[in-house]
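# Okay, here's the prediction I keep looking at, along with the sequence it came from:
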Amino acid sequence: MLTIPYIRDNRETILKRLEIKNFRNPELIDQIIALDNERRSLQVKTNEQQAEMNRLSKEIGMLFKSGEQEKANQVKKQTTSIKQELETLEQNLQISNSKVNELLVQVPNVPHPSVPAGKSEADNKEIRLGGDIPQLAAGSLPHWELAKKYNLIDFELGVKITGAGFPVYRGQGARLQRALIAWFLDENTRAGYEEILPPLMVNEASAFGTGNLPDKEGQMYHVTGDNLYMIPTAEIPVTNIYRDVILNAEDLPVKNTAYTPCFRREAGSYGKDVRGLNRVHQFDKVEIVQIEHPTRSYQALEEMVSHVEQLIVKLGLPYRIVELCGGDLSFTSALTYDFEVYSAAQEKWLEVSSVSNFESFQTNRLKLRFREPGEKRPLLAHTLNGSSLALPRIMAALLENFQTPEGIIIPEVLHPYMGPGNTMIS
RNA sequence: GGAGAGGUGGGAGAGUGGCUUAAUCCACCAGUUUGCUAAACUGGCGUACUCGAUUAGGGUACCGGGGGUUCGAAUCCCCCCCUCUCCGCCA
């Protein structure tokens, strides 16, 4: 969420930039400012009365100590009216605080000035196009057919064990999946990211910290017996490492990478988009997270983008990078680049990564700050994250694009991970 | 699952109703001293909100969380959460 001082000082800029996100609600902003003024005057009054109360209590203590019982009882009488007043004030202050907060969480993050206007996906701006779209031979198959043909993934078996959207990888399919995960992690480590293997379930506080609660509750699997949530992304446990943390400026940037399975209920998603690996309830993903100094976060974003890009290039997949327009930008993001790979048999672009700068929108809620030498107060850090990469759609594109009549060719970078001589699935 | 112990600043740790403005030690920062380092000494050392002028300097809250008793709570009472130890179970 945005900070109140920022809203107070930048009302016009915020309103103007939020229009890019198709968010027009000046009343909300003005209400926040008005409520905050009210809150502050309540706080001043409350603090004054508290100070008076403290003074009187101290006086009573002193009087009792020196044996002046009567005087003490007299002062005691004075406290009753103040006490009553204080009770009301404190209640109102609490109400005021929660009202401001309630409104504050409804304000989306302010997009970066470079974000193009637009309503939907169609208005996203293509930044780069790379790789060659393969000309598949006649009779080429979509990945779910290939998965069956080579016994790589069994979707029906997953239905039996768990339900739709929980594929079972086996044999070479399982091996290829593991190879991709290992290679991604190794590439990320080489790029300076520390590898994290976090818990796959998180408590309420963590889910709140990253904003997945209360709004996106329906997206997560809830383990009711212990009140834990299955993670929809590694972003939650990894980012929460730094909840309520004050870093030193020299610790920045923090760079973490994590492989985790991800669990998403995807309530309401049906139809042909969910075919095969296109949309599943459990999938593997390797995530990268950076915590950076506000003055360097956009540099970090570019660095993450080129890092993810070279992963796709090394795999040999045709891809495009788009900058999301205001309408397609998420509630929490200031600037997002999406990566899509081309799945040749489906003749479709599939989103495989989304790299974003959240600026201080997440860290404000997380209370993730850093101490700048010479600064009196800690400052909010910036957070960025992205997938590097989401496995199922990469797998889908690999299978489809690299199919030949003889079998599926495994990209060279994965050879060391596939076992000796294992360069083709046949 | 059963039994017990506990949760206090960055860390250790004292504090059972008002000389607490949370002692003390360690760590850290600045300074003094000093061939250098170290030691010693002096001072500083939390977070949030708020008043003030983005100063100086104040005020308030915070001792796991939430209630309660009281003029006054880290301290007493109630509820909840968490951690540790032992036993049981277990890859």
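Here it is on my side, so go on. Residues are numbered from 1 along each chain as shown, chains lettered A, B, ... in the order given.

# who's in contact with stretch A:382-389?
Residues outside stretch A:382-389 that contact it (CB atoms under 8 Å, 6 or more residues apart in numbering): A:184, A:187-188, A:235, A:239, A:257, A:285-294, A:297, A:300-301, A:304-305, A:307-308, A:311-312, A:339, A:352-360, A:362-363, A:366, A:368. Where you see a C-beta, it was placed from the backbone N, CA and C, and this is true even at glycine.

# Please list the members of those residues that lie in strands.
A:257, A:285-292, A:339, A:352-359 (DSSP state E).

# follow-up on the earlier one: please spell out the ChimeraX selection for the buried subset of the contacts of stretch A:382-389.
In ChimeraX, a selection of the buried entries from these looks like this (16 or more other CB atoms under 10 Å):
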select /A:184,187,188,235,239,257,285,286,287,288,289,290,291,292,293,294,297,300,301,304,305,307,308,311,312,339,352,353,354,355,356,357,358,359,360,362,363,366,368
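
# Three-state assignment for whatever residue of chain A ends up closest to RNA strand B, please.
Per CB to the nearest atom of the strand, A:Gly61 is where chain A lies closest to RNA strand B, at 2.8 Å. Secondary structure, DSSP: H, G, I helix; E, B strand; the rest coil: A:Gly61 is helix.

# For A:Leu228, give the beta-bridge partners.
A:Val223 (DSSP bridges).

# who touches it in this structure?
So A:Leu228 contacts A:Met201, A:Val202, A:Asn203, A:His222 (CB under 8 Å, 6+ apart).

# Just the buried ones among those, please.
A:Met201, A:Val202, A:His222.

# about what we covered before: so how far is A:Glu85 from the residue of chain A closest to RNA strand B?
22 Å (CB to CB, to the nearest Å).

# For those two, work out which one has more neighbours and name it.
Using other CB atoms under 10 Å, the more surrounded residue of A:Gly61 and A:Glu85 is A:Glu85, with 15 against 11.

# Does the helix or strand where that one lies reach RNA strand B?
Assigned by DSSP states H and E, A:Glu85 belongs to helix A:69-104. Yes: legend: contact between helix A:69-104 and RNA strand B by CB under 7 Å from any atom of the strand is shown at A:Lys76, A:Thr79, A:Thr80, A:Lys83.

# mind checking how far that helix is from the chain centre?
In terms of CA atoms, centre = their mean, to the nearest Å, the centre of helix A:69-104 is set 40 Å apart from its chain centre.

# What helices and strands are in contact with it?
helix A:26-65 (3 or more CB pairs under 8 Å, 6 or more residues apart in numbering; DSSP states H and E).

# Show me which residues of the helix it packs on are buried.
Buried-residue list, helix A:26-65, by 16+ other CB under 10 Å: A:28-29, A:32, A:35-36, A:39, A:42, A:46, A:49, A:56, A:59-60, A:63.

# and it, what's its mean pLDDT?
Throughout helix A:26-65, pLDDT has a mean value of 90.

# Show me what that helix is packed up against.
Looks like helix A:26-65 contacts helix A:4-9, helix A:11-20, helix A:69-104 (3+ CB pairs under 8 Å, 6+ apart).

# in the second one, what counts as buried?
What it means is helix A:11-20. A:Ile14, A:Leu15, A:Arg17, A:Leu18, A:Ile20.

# Give me every residue in the stretch 151-300 of chain A lying close to RNA strand B.
Checking the stretch 151-300 of chain A against RNA strand B by CB under 7 Å from any atom of the strand, the hits are A:Ile246.

# where do the helices sit along the stretch 151-300 of chain A?
Under the criterion DSSP state H, counting those that start in this stretch, the stretch 151-300 of chain A carries helices at the ranges A:155-161, A:172-190, A:204-209, A:235-240, A:297-315.

# after the last one, next one along is what?
Meaning helix A:297-315. Helix A:297-315 is succeeded, C-terminally, by strand A:319-323 (DSSP H and E).

# For stretch A:73-83, give me every contacting residue.
With CB under 8 Å, 6+ apart as the criterion, stretch A:73-83 contacts A:Gln49, A:Glu52, A:Met53, A:Leu56, A:Ser57, A:Glu59, A:Ile60, A:Leu63.

# correct me, but the last one touches A:Lys71?
Yes: taking CB atoms under 8 Å as the contact criterion, A:Leu63 and A:Lys71 are neighbours in contact, 5.0 Å apart.
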